[in-house]
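> Sequence first, then the predicted structure:
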Amino acid sequence: MRKIQMVDLQGQYQSLKEQVNTSITQILESSTYINGPHVHAFQKELEEYLGVKHVIPCANGTDALQIAMMGLGLQPGDEVITADFTFAATVEVIGLLQLTPVLVDVELDTFNIDPVAIEKAITPKTKAIVPVHLFGQCANMDAILEIADKHNLFVIEDNAQAIGAEYTFKDGSKQKAGTIGHVGSTSFFPSKNLGCYGDGGAIFTNDDALAHTLRGIVNHGMYERYHHDVVGVNSRLDSIQAAVLSAKLPKLNAYCDSRRTAARKYSEVFKGVKNIVIPAMSNGCNKICKDCDCHVFHQYTLRITNGKRDALVKHLSEKNIPCGVYYPIPLHKQKAYEDERYLEENFTITNQLVKEVISLPMHTELDDEQISYITNAVIGFVNE
């Protein structure tokens, strides 16, 4: 059996090797490292794939979130509601801009932000909601958009983990994750479903005026060289990363299908097993159907309900099976984001999840032998 990896970037590279190497050589020979033709080409390709009017590439996913908030004109003291159960980058940029983070609980089945908790957290100072499309599927955007419209709030999608996913609205229409709110952001960190070979990110919007502002912000606030019209940052996607992303983008749907196939095989084995809860689908779907497009499985995350999660992590490590705990500490308990406003009774789901979740290897190169070895190891230990 091949060595099991959490993410097999080496295996994926082999199928892209010739195209990637040729593109990188072209860039090295032309020395068009920043804002070169490969960046502009990727921007257009991603706009077409997402069905969005504007893609603004930038240096990383954290910058993408920060720039999105800057572009909307949020001011110090404005409150921004987001999920307690997610990576710190989401709340980090809120703090960096001297906005006020308001953390709320998530749903037990999807791990995504709870619209009921959002509604309860709104005050006269609330200006924006940041739904994080965690682990590869969209939050409840029907409910979130209704809340935002009711209270005149911006919706900023953190789509770092769900690029390629579709959201199906109540009326049956579909839209790509990240293109639904006023603005969306994503990360191209190497382990993402669409990842480059360094850092990279992008911002999406259908708003022409906002797109113009964002394009200035990413480049020191300049639209004309040495004319600084807005306060900006230095956050640009370099040409080499753009070339890698251009090679991968035509394969993204196939990558998502491969992840769903692996997830389906995992779930078929784990379904109904005592003390194991398999991932739930959004939109009321109770299985990973063959035409599934709502989940792209950036992570395949189980809940271990008998208190043996930490012991399982140790057991899998001993059997050379990598795994991850995303996330072990709620944001409201992190030293940097503690606040007397937060009451533990408002975070019952998050406090439960951090004790139960475990993510198994998930990537496009998983094979049946590896999946069998992993599932046998999990079941054998959890219910021994």
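In hand now; what should we look at?

> going forward, measure contacts and count neighbours with C-alpha atoms only.
Noted.

> Give me the most central residue, this structure.
Nearest to the mean C-alpha position of the chain, counting by CA atoms, centre = their mean, stands residue 161 at 2.0 Å.

> Does it touch residue 139 like I think?
No: under the criterion of CA atoms under 8 Å, residue 161 makes no contact with residue 139, lying 11.7 Å away.

> so what sits against both of these two?
Contact criterion CA atoms under 8 Å, 6 or more residues apart in numbering; residues shared by residue 161 and residue 139: residue 133.

> list the contacts for the closest residue in space to residue 89 that isn't next to it in sequence?
Nearest residue to residue 89 in three dimensions, chain neighbours excluded: residue 62, at 5.9 Å (CA to CA, 6 or more residues apart in numbering). Going by CA under 8 Å, 6+ apart, residue 62 touches 89, 90, 93, 187, 201.

> can I get those in JSON lines with pLDDT?
Output for these, formatted as JSON lines (pLDDT from 0 to 100):
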{"residue": "89", "pLDDT": "97"}
{"residue": "90", "pLDDT": "97"}
{"residue": "93", "pLDDT": "98"}
{"residue": "187", "pLDDT": "98"}
{"residue": "201", "pLDDT": "98"}
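
> Can you tell me which of these has the most neighbours?
Using other CA atoms under 10 Å as the neighbour criterion, residue 187 leads these with 31 neighbours.

> Quick check: the closest residue to it other than its chain neighbours vs residue 323, distance?
Nearest residue to residue 187, sequence neighbours excluded (CA to CA, 6+ apart): residue 61, at 3.8 Å. Per CA to CA, to the nearest Å, residue 61 is found 23 Å from residue 323.

> what's the answer for residue 367, then?
For residue 367, the distance to residue 323 equals 16 Å [CA to CA].

> So which of those two has more stuff around it?
Ranked by neighbour count (other CA under 10 Å), residue 367 and residue 323 place residue 323 first, with 20 against 13.

> Return the backbone torsion pair for the closest residue to the more buried one other than its chain neighbours.
Among residues not flanking residue 323 along the chain, residue 360 sits closest, at 4.9 Å (CA to CA, 6+ apart). Phi and psi for residue 360, reported as degrees, to the nearest 10, are phi -90, psi 170.

> cool, residue 9 as well?
Main-chain dihedrals, residue 9, degrees, to the nearest 10: phi -70, psi -30.

> What is the burial count for it?
When neighbours are counted by other CA under 10 Å, residue 9 registers 16.

> Please report the distance of it from residue 189.
According to CA to CA, residue 9 and residue 189 sit 12 Å apart.

> Do a quick rundown of the strands in the stretch 101-250 of the chain.
When assigned using DSSP state E, counting those that start in this stretch, the strands of the stretch 101-250 of the chain occupy the ranges 126-130, 154-158, 166-168, 174-176, 183-187, 201-205, 222-224, 227-228.

> which stretch among the ones you listed comes nearest residue 43?
Closest of these to residue 43 is strand 201-205, at 8.9 Å (criterion: CA to CA).

> Report the strands that pair with the closest one, each with its relative direction.
When sheet partners are counted by DSSP bridges, strand 201-205 sits next to strand 54-58 (antiparallel), strand 183-187 (antiparallel).
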